[in-house]
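# here are the coordinates; sequence isn't available:
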């Protein structure tokens, strides 16, 4: 939402306002808030190198807006500060994710997607935060963002003191690990800025070493084209065959670089129930998920980030996971049941999975 700017002369004590904003943010359900300016030259250079290397794959939207992604004042003219907010979402202890990865007959869904979609929830809370600010200082210029525009949210959060970008390129916080969402309120208010987060990765290479597809090609360097989250969520077509076996039982996203990060022993459980798992997606049999009709898929993913995947790619991902599952009659039968699916994409991955079990497609 846009509002008219507020003259600096009418503002209350800015330090007090900054403290109030952080307090209000927590009262509204955010875990923390920080404030920074719009200058991101180092991160802009990193983004441009990443794009030139083609590591964004088919995510053409990453390049579509050029440097605007790293320049908030161009995205929303008049922006002087960014209020960055964090909201924890972990619905269960991290060790439960590690256990599920060792059960190849069950489907692993990235923990952020188990419950309700966070976009509307966070945007509504950011709007409420802005209205609280307006009640104190009067109208001012602002706009809320939650994955809704080209924003370097991790870079802004790091500079606002909410943590540091780890070697896996995920934001880390010493007291909360990495299981949290980020959102931003761009504003024209000249608020005092927080100190940027300091890096505490040290010599640790756990995230690099555990990545199933070696997508973290070096510290702070992610090749999205190899990342399981990209392959199972962003990629529109066939998953490259050499990367199918390493996907294991991960059917929507991948949390390995978080699951095995030492800092996530401090990850905060989300206590309100907003992100509690729905429809048993935290521990469901692959065969059961693969049997969902399109209508069932749409009904059971309503209000979930999973729905954007669509039924066709949902089946693609599950076919790969079933190809990696132990050979059992129920697995082979489920795959045979989709062998003549109208989608060539689904058929290709089903055929690959059947071949993994020493089976051919039943005419």
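That came through, no problem. All values derive from a computational prediction rather than experimental measurement.
# for residue 245, list the residues it contacts.
Contacts for residue 245 were tallied using C-beta atoms under 8 Å, 6 or more residues apart in numbering; they are 323-324. Just so you know, the C-beta spots here come from the backbone N, C-alpha and C atoms, and that holds for glycine as well.
# residues of the helix or strand where it lies that come out buried?
In this assignment (DSSP states H and E), residue 245 forms part of helix 244-247. Across helix 244-247, burial judged by 16 or more other C-beta atoms under 10 Å covers 244, 246-247.
# the chain: strands as residue ranges?
With DSSP state E as the definition, the chain shows strands at residue ranges 32-36, 81-88, 106-109, 142-145, 164-165, 171-172, 180-187, 216-218, 221-222, 250-252, 284-285.
# my guess is residue 261 meets residue 208, correct?
No - using C-beta atoms under 8 Å as the test, residue 261 is too far from residue 208 to be in contact (10.8 Å).
# these two: which is more packed in?
When residue 261 and residue 208 are compared on other C-beta atoms under 10 Å, the one with more neighbours turns out to be residue 261, at 25 against 17.
# how much space between that one and residue 32?
Using C-beta to C-beta, to the nearest Å, residue 261 is found at 19 Å from residue 32.
# roughly how far apart are residue 239 and residue 302?
Taken as C-beta to C-beta, the spacing of residue 239 relative to residue 302 amounts to 26 Å.
# which one of the two is surrounded by more residues?
Regarding residue 239 and residue 302, a neighbour count based on other C-beta under 10 Å identifies residue 239 as having more, with 21 against 13.
# can you tell me which residues contact that one?
Going by C-beta under 8 Å, 6+ apart, residue 239 touches 231-232, 247, 316-317, 320, 349.
# which parts of stretch 217-230 are buried?
When neighbours are counted by 16+ other C-beta under 10 Å, the buried residues of stretch 217-230 are found to be 221-230.
# kindly report the same for stretch 305-317.
Taking 16+ other C-beta under 10 Å as the basis for neighbour counts, the residues of stretch 305-317 that come out buried are 305-307, 309, 311-317.
# got the angle between the longest helix seen in the chain and strand 32-36?
Ranked by residue count under DSSP state H, the longest helix found in the chain is helix 118-137. Angle between the axes of helix 118-137 and strand 32-36 is 70 degrees (criterion: axes from the mean of the first three to the mean of the last three C-alpha atoms, to 10 degrees).
# tell me what helix 118-137 is packed against?
Here helix 118-137 is seen to pack against helix 14-27, strand 81-88, strand 142-145, strand 180-187 when contacts are counted using 3 or more C-beta pairs under 8 Å, 6 or more residues apart in numbering; DSSP states H and E.
# what's the closest of the ones you listed to residue 337?
Distances from residue 337 to each of those were compared using C-beta to C-beta; the shortest belongs to strand 180-187, at 37.0 Å.
# who are the packing partners of that closest one?
On a contact count with 3+ C-beta pairs under 8 Å, 6+ apart, strand 180-187 meets strand 81-88, helix 118-137, strand 142-145, helix 153-159.
# 6 Å instead?
Helices and strands touching strand 180-187, as assessed by 3 or more C-beta pairs under 6 Å, 6 or more residues apart in numbering; DSSP states H and E, comprise strand 81-88, helix 118-137, strand 142-145.
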